[in-house]
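Chemist: Any chance you can model this:
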Amino acid sequence: MDYIVRATAAKGQIRAFAITSREMVETARKHHNTSPVATAALGRLLTGGAMMGVMMKGEKDMLTLMMKGDGPIDGVTVTADSKGNVKGYVGNPNVLIPANYAGKLDVGAAIGYGTLTVIKDMGLKEPYSSQVPLSTSEVAEDLTYYFASSEQVPSAVGLGVLMAKDNTVRQAGGFIVQLMPFAEEEVIVKLEQRISQIHSVTDMLEKGMTPEDILKEVMGDMDVQFTDKIDTGFACNCSKERIVKVLAGIGKKDMDSIINDGKEVEVKCDFCNTSYKFSVEELKTLRKQFRS
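Modeler: So this is what the prediction gives:
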């Protein structure tokens, strides 16, 4: 079962999150039938998004992450809530590109150069929105850069998705470690040294390490205190009723045109690929509601 742990270390000078997300990423892969590199790109952003989602306090707070680059994947979008639910999609799920120089899936080349947009909807009049240039387009470094430049929080983000030979997800997980404003120089130096020794998240997961083990590994002797354990997973809240609301917004003229075609209409949810079908009769009933 996928879950996130929340922790503090060095007497509250560090806050940290770690996640195991194999089932989440595999569910996304099945929904979207993604290629290995698209699974890795989407999986990393889902994993990071889930941890960033639970950083929010409000019951109804929503977070959206959009990586838009000039690469063939045509963008990656993820939405997360504060309870550990996350969903997402890529523009081109079938993207295939050669491995990078290290023989790994080349997520950076798939996404390309562009921007990361972070939108937090916390029930205020206007959602908080911030945009930063993509640094490596490998996802973890881009989230690290976002935290430093937009939230002024020095952070280390590690994310990993490992594919099995049959192109299913073998391992997925990650961590986010952040320094509090009052962190002492000694703690900062020690943490930087620990982070520099972390080779790869998927290596740790392959050794059977849990999110708790990962944070202990990252923190060393800095006294990790676990404060929370949150279930997480891929979950879409789409429904036929929600799609009806979307159709209601297309306008009478367009609806008339669709009805006059005399064919059943199929609408797909971007986030989970579920299809919703509407017969001509259902569309006519909807059209009548437009008049009222």
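Chemist: Return the distance of stretch 191-199 from the chain's centre.
Modeler: Remark: stretch 191-199 is offset 24 Å from the chain centroid, using C-alpha atoms, centre = their mean, to the nearest Å.
Chemist: quick one: average confidence on that stretch?
Modeler: In this model, stretch 191-199 has an average pLDDT of 92.
Chemist: who's in contact with that stretch?
Modeler: With contact meaning C-beta atoms under 8 Å, 6 or more residues apart in numbering, stretch 191-199 is reached by 10, 14, 156, 158, 177, 179, 204, 217-220, 222. The C-beta positions use only the backbone N, C-alpha and C, and glycine is treated the same way.
Chemist: mind saving the C-alpha coords of the helix or strand harbouring Thr39 as CSV?
Modeler: If you go by DSSP states H and E, Thr39 is part of helix 36-53. Taking C-alpha atoms only, helix 36-53 is exported to CSV below (Å, rounded to 0.1, in the frame of the first residue of the first chain):
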residue,chain,number,x,y,z
PRO,A,36,8.1,3.7,-20.3
VAL,A,37,9.5,7.2,-20.6
ALA,A,38,6.0,8.7,-20.3
THR,A,39,5.4,6.5,-17.2
ALA,A,40,8.6,7.7,-15.6
ALA,A,41,7.8,11.4,-16.3
LEU,A,42,4.2,11.2,-15.1
GLY,A,43,5.2,8.9,-12.2
ARG,A,44,7.9,11.4,-10.9
LEU,A,45,5.5,14.3,-11.0
LEU,A,46,2.7,12.3,-9.4
THR,A,47,5.1,11.3,-6.6
GLY,A,48,6.3,14.8,-6.0
GLY,A,49,2.8,16.2,-6.3
ALA,A,50,1.4,13.8,-3.7
MET,A,51,4.0,15.0,-1.1
MET,A,52,3.4,18.7,-2.0
GLY,A,53,-0.3,18.1,-1.7
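Chemist: Tell me which helix or strand comes right after it.
Modeler: Counting by DSSP H and E, the element after helix 36-53 in chain order, helix or strand, is strand 62-69.
Chemist: Follow the chain on from that next one and name the next helix or strand.
Modeler: Downstream of strand 62-69, the first helix or strand assigned by DSSP H and E is strand 76-81.
Chemist: Parallel or antiparallel, which strands does the next helix or strand along the chain from that next one pair with?
Modeler: Under the assignment DSSP H and E, the closest C-terminal helix or strand after strand 76-81 is strand 85-90. Neighbouring strands of strand 85-90 in its sheet, by DSSP bridges, are strand 76-81 (antiparallel), strand 233-234 (parallel).
Chemist: Can you say which of those is packed in most?
Modeler: strand 76-81 (a mean of 24; mean count of other C-beta atoms under 10 Å).
Chemist: Just want the angle from it to strand 62-69.
Modeler: 170 degrees (axes from the mean of the first three to the mean of the last three C-alpha atoms, to 10 degrees).
Chemist: and strand 76-81, how far from the chain's centre?
Modeler: Counting by C-alpha atoms, centre = their mean, strand 76-81 comes out at 5 Å from the chain centroid.
Chemist: what about the helices in the stretch 101-250 of the chain?
Modeler: Per DSSP state H, counting those that start in this stretch, the stretch 101-250 of the chain carries helices over the ranges 107-111, 140-150, 185-196, 201-206, 211-219, 240-248.
Chemist: Relative to Asp166, which of these is closest?
Modeler: helix 201-206 (16.7 Å; C-beta to C-beta).
Chemist: can you pull the buried residues of that closest one?
Modeler: The neighbour-count check on helix 201-206 (16 or more other C-beta atoms under 10 Å) flags 201-202, 204-205 as buried.
Chemist: ok, those residues vs Leu162, which is closest?
Modeler: The closest of the buried residues of helix 201-206, once distances to Leu162 are taken by C-beta to C-beta, is Thr202, at 4.0 Å.
Chemist: so where's this structure shaky on pLDDT?
Modeler: 290-292 (pLDDT under 70).
Chemist: circling back to that earlier point, deepest of the helices of the stretch 101-250 of the chain, which one?
Modeler: helix 107-111 (a mean of 25).
Chemist: Name all residues that make contact with Ile243.
Modeler: Ile243 touches 267, 269, 276, counting by C-beta under 8 Å, 6+ apart.
Chemist: Need the buried ones from the residues you listed selected in ChimeraX.
Modeler: Here is the ChimeraX selection string for the buried members of those, based on 16+ other C-beta under 10 Å:
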select :269,276
